[in-house]
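Colleague: model this:
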Amino acid sequence: MVVVLPEDMLTRSTTAPVLPQVRSAQAWPTPAALAELRERLLEAKKPLVIAGGGGWTGESCAALQRFAEAWQLPVGCAFRFQDLFDNRHPLYAGDVGIGINPKLAARVKEADLILAVGPRLGEMTTGGYTLLQAPRPTQSLVHIHAGAEELGRVYEAELMINASMSCAAQALETLAAPDSVAWSAWAEAAHQDYLANLVAEPVSPLDMAEVVKVLSAQCPDGTIFTNGAGNYSGWLHRFHQYPGLQHHGRTQLAPTSGAMGYGLPAAVAASLLQPQRWVVNIAGDGDFLMNGQELATATGYGAHRLISVVVDNGTYGTIRMHQEREYPGRVSGSDLFNPDFVQLALAYGWAAHRVDHTEEFGPALQAALAADKPTLIHLRLSTDVSTSRSTLSAIREAARQRLGQSAHGKD
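Modeller: Just a heads-up that it's a prediction; the model follows:
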C-alpha cells in the first residue's frame, strides 16, 4: 500500500489528539477446535509440527516446546523462523525453507499429519508448493494462523484455527497427551537426520560450514544473527543452531520476502537497540553493497558489539546459480567488480580483517570480539562455491546433461 500526502499537510500544526498505542487483539482457539485437534493427533502415525509466522513471545515458544515434549512431536521451523524452537532440542527436525535437508523434505511429504502453527505456508516453506500439494494436501493438514484471511487461501486444511500465536501455543499445551505415542521412532529419526545434516564435506581453501561453526562456538550466548537474501545465507541456516525465543529473545533477523540488503541495517539497528548483546551480520558481496553505507550509521551512533562478515565470491550468487541451471554457460550481468572491503570498512571507522583460508577465520573473529569498535571480516570465496550443497560447475554440468548439451553448446 502507498499513502501519498500533500506537502503542506506535513508542515502544518494540528489540534488532533494524540491517540494511545493500539494493542493487537489476541484470539484463542475454541474448545471444539482443540478437541478435534487432539483427536487427529491420537489418530496420527507420523505427525510433524511446522512453527513460524509472527506474534510469538518467549512464553509462547516455551509453551510450544512443552506441548511438543508432552506429545513427543518432531518440530520443524518455517523459512527464517528458526529461533522459535530450540535447535539443540532432541525434538528439533530442522528448517523447512530454501535449501531444506532432502531427508526433511521427504519427511514432510511422508507425514500423515502436518500441524502448521503460525506460518503462511507460502512458496519458501512449501518448496514451491511441492511439499504440500495445493489446494488439498495428501497429508492431513491442521493450520493455525492469526489472520483469518490466510486460512484456506492456498491450502484447504482439514482443520483451520484462527488464533494468535501467544494464545495458540498456550492452548496447545493444555491438550492431555496419552501415556505413549506411536511415533517415538519417527521423532527420533527426524532429529538424527537434522544432526547428520550438520556434517558437510570439507571445502578448501575457505570452508563456509566451518566459518559458521566457529561463529556459533565463539560468539556469546544470545548473539543476534542477521542476513539478507542470497545463497550465502544457506550456510548460516544450515549450520548455526538457534536457541528458542524463550532463552534470549530474537536471535534471527532475516527477510522472508527475499529482500537483498536487509542484513546490515538490521544488524546496526539491533546493535543500537540492544547494546549489551553481540550482533553478527552475514552478507554476500552483492547483498552488502545494497546498503553498505550503513557502516557510517554504526560508527556515527556508537555501535560496538557488532560484526559484519562479508562473503565475497565476486558474483550475485543466487542469480548466477539460476543462470547456470537454466542457461548453462550463458552468464549475463551477474559478475561483480568489488571494492577492497577491508579498506572500505577502515574508511568508515571500523576495524577490518581479510580471510582467505579457513584457519584464519578464528583469529580474526577473536580480534573482532576483543575490539572496542565494529569489525568487518572480509571472506574471499571462490565463485564456484555456490551453495552449502553444490558448486556452479556441478550445477552447470547437471543442466547440460538435462538439456542434452555439450560443454561447447548444443549437440
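
Colleague: leaving out chain neighbours, which residue sits closest to the residue most central in space within the chain?
Modeller: Taking C-alpha atoms, centre = their mean, the centroid of the chain lies closest to Arg80, which sits 2.2 Å from it. Of all residues not flanking Arg80 in the chain, Ala254 sits nearest, at 4.4 Å (C-beta to C-beta, 6 or more residues apart in numbering). (Each C-beta comes from the backbone N, C-alpha and C, glycine too.)

Colleague: got the phi/psi numbers for the one you found?
Modeller: The phi/psi pair for Ala254 (degrees, to the nearest 10) reads phi -160, psi 150.

Colleague: please tell me how far the residue nearest to the centre of the chain sits from Ala33.
Modeller: 28 Å (C-beta to C-beta, to the nearest Å).

Colleague: next: Ala168.
Modeller: Counting by C-beta to C-beta, the gap from Ala168 to Ala33 is 10 Å.

Colleague: pull up the overlap in contacts between the two.
Modeller: Common neighbours of Ala168 and Ala33, counting by C-beta atoms under 8 Å, 6 or more residues apart in numbering, are Ile161.

Colleague: these two: who's more crowded?
Modeller: Ala168 (29 against 19; other C-beta atoms under 10 Å).

Colleague: which ones are touching that one?
Modeller: 28-29, 60, 117-118, 144, 161.

Colleague: if we can go back for a sec, need the contact list for the residue nearest to Arg80.
Modeller: 80, 226-228, 233, 262-263, 266.

Colleague: okay, helices next: where are they in the stretch 301-411 of the chain?
Modeller: 317-326, 341-347, 358-370, 392-403 (DSSP state H, counting those that start in this stretch).

Colleague: just give me how far the third one sits from the chain centre.
Modeller: In this case it means helix 358-370. Here the centre of helix 358-370 is set off from its chain's centre by 24 Å, with C-alpha atoms, centre = their mean, to the nearest Å.

Colleague: may I see the buried residues of it?
Modeller: 358, 360-362, 364-365, 368 (16 or more other C-beta atoms under 10 Å).

Colleague: can you name every helix or strand that it contacts?
Modeller: Applying 3 or more C-beta pairs under 8 Å, 6 or more residues apart in numbering; DSSP states H and E, one finds that helix 358-370 contacts helix 208-218, strand 306-312, strand 351-355, strand 375-380.

Colleague: now the last one
Modeller: Under the contact criterion of 3+ C-beta pairs under 8 Å, 6+ apart, the helices and strands touching helix 392-403 comprise helix 317-326.

Colleague: angle of the helix it packs on against helix 392-403?
Modeller: Computed with axes from the mean of the first three to the mean of the last three C-alpha atoms, to 10 degrees, the direction of helix 317-326 lies at 30 degrees from that of helix 392-403.

Colleague: which residues are contacting helix 317-326?
Modeller: Taking C-beta under 8 Å, 6+ apart as the rule, helix 317-326 contacts 229-232, 284, 286, 330-334, 383, 386-387, 392, 395-396, 398-399.

Colleague: cool, and stretch 19-26?
Modeller: For stretch 19-26, contacts defined as C-beta under 8 Å, 6+ apart pick out 55, 164, 166-167.

Colleague: among those residues, which one has the most neighbours?
Modeller: Ser164 (23 neighbours).

Colleague: how close does the residue nearest to that residue when sequence neighbours are not counted get to Ala209?
Modeller: Using C-beta to C-beta, 6+ apart and skipping the chain neighbours, the partner closest in space to Ser164 is Gln26 (4.5 Å). Gln26 sits at a distance of 41 Å from Ala209 (criterion: C-beta to C-beta).

Colleague: so where is the stretch 1-150 of the chain shaky, pLDDT-wise?
Modeller: Across the stretch 1-150 of the chain, nothing is flagged by pLDDT under 70.

Colleague: do a quick rundown of the strands in it.
Modeller: 47-51, 75-78, 92-96, 113-117, 140-145 (DSSP state E, counting those that start in this stretch).

Colleague: nearest to Arg153, out of these?
Modeller: Shortest distance between Arg153 and the strands of the stretch 1-150 of the chain, using C-beta to C-beta, is found for strand 140-145: 9.5 Å.

Colleague: quick one on the thing from earlier: show me which of the contacts of stretch 19-26 is closest to Gly300.
Modeller: Nearest to Gly300 among the contacts of stretch 19-26, with distances taken as C-beta to C-beta, is Gly55, at 33.5 Å.

Colleague: burial count for Ala177?
Modeller: Ala177 has 15 neighbours, counted by other C-beta under 10 Å.

Colleague: got the phi and psi for it?
Modeller: Torsion angles, degrees, to the nearest 10, at Ala177: phi -90, psi 150.

Colleague: surely it and Ala68 touch.
Modeller: No - with contact defined as C-beta atoms under 8 Å, Ala177 does not count as touching Ala68 (10.2 Å).

Colleague: quick one: the strands in the stretch 151-300 of the chain?
Modeller: Under DSSP E, counting those that start in this stretch, the stretch 151-300 of the chain gives strands at 159-162, 224-227, 252-253, 279-284.

Colleague: save the ones you listed as CSV, and put in mean pLDDT too.
Modeller: Formatted as CSV, these follow (pLDDT from 0 to 100):
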stretch, mean pLDDT
strand 159-162, 98
strand 224-227, 98
strand 252-253, 98
strand 279-284, 98
